[in-house]
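In: heads up, no residue letters with this:
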């Protein structure tokens, strides 16, 4: 099993920036594809961005393209989400996720991001 802990959330004004971090408990983090999801009350959890095991390939939801950047440092078992030009619609609980095949699928506890207008 792998534990994931998010940090870096908080309150920011529209147009501001935040950097989320996800710390993985095991060095085997490098064997997992990883991603960020977010959820607001009453809505389904939605995809934000993902990154392959090496960090060479990334993908983004249309709503965050050009504003958010996902990255990872396998030497530190860390993943990041740099969020710029934040909007009130980005307000959500953000979750870190790692997957390996169809069996291994782990989530962090989530962290609140609030963007004030």
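Out: Now that the structure is in, tell me what you want to look at. Just so it is clear, the structure is predicted and the values come from calculations on it, not from any experiment.
In: make it CA atoms for all contacts and neighbour counts henceforth
Out: Noted.
In: please enumerate the strands of this structure.
Out: Using DSSP state E, the strands of the chain run over 4-7, 10-13, 18-24, 33-39, 46-51, 58-60, 68-73, 78-83, 92-100, 104-107, 111-116.
In: comparing the ones you listed by mean pLDDT, which bottoms out?
Out: Note on the strands of the chain: strand 104-107 shows the lowest mean pLDDT, a mean of 93.
In: buried sites along it?
Out: Of the residues in strand 104-107, 106-107 count as buried by neighbour count, 16 or more other Cα atoms under 10 Å.
In: then stretch 65-85?
Out: 68-72, 74, 77-81, 83-84.
In: as a quick check, tell me the outermost residue of this structure.
Out: Distance from the C-alpha centroid of the chain peaks at residue 117, with 22.4 Å (Cα atoms, centre = their mean).
In: and that residue, how far from residue 13?
Out: Per Cα to Cα, to the nearest Å, residue 117 is found 6 Å from residue 13.
In: what's the answer for residue 31, then?
Out: Going from residue 31 to residue 13 by Cα to Cα gives 36 Å.
In: for residue 95, same thing?
Out: Computed with Cα to Cα, the distance linking residue 95 and residue 13 is 21 Å.
In: what do you get for residue 56?
Out: Between residue 56 and residue 13 the distance is 31 Å, computed by Cα to Cα.
In: out of the two, which sits in the more crowded spot?
Out: For residue 56 and residue 13, the more surrounded residue by other Cα atoms under 10 Å is residue 13, and the numbers stand at 14 against 9.
In: neighbours around the residue lying closest to that one once chain neighbours are set aside, how many?
Out: Distances taken as Cα to Cα, 6 or more residues apart in numbering place residue 116 nearest to residue 13, at 4.8 Å, with adjacent residues excluded. Neighbour count for residue 116, taken as other Cα under 10 Å: 16.
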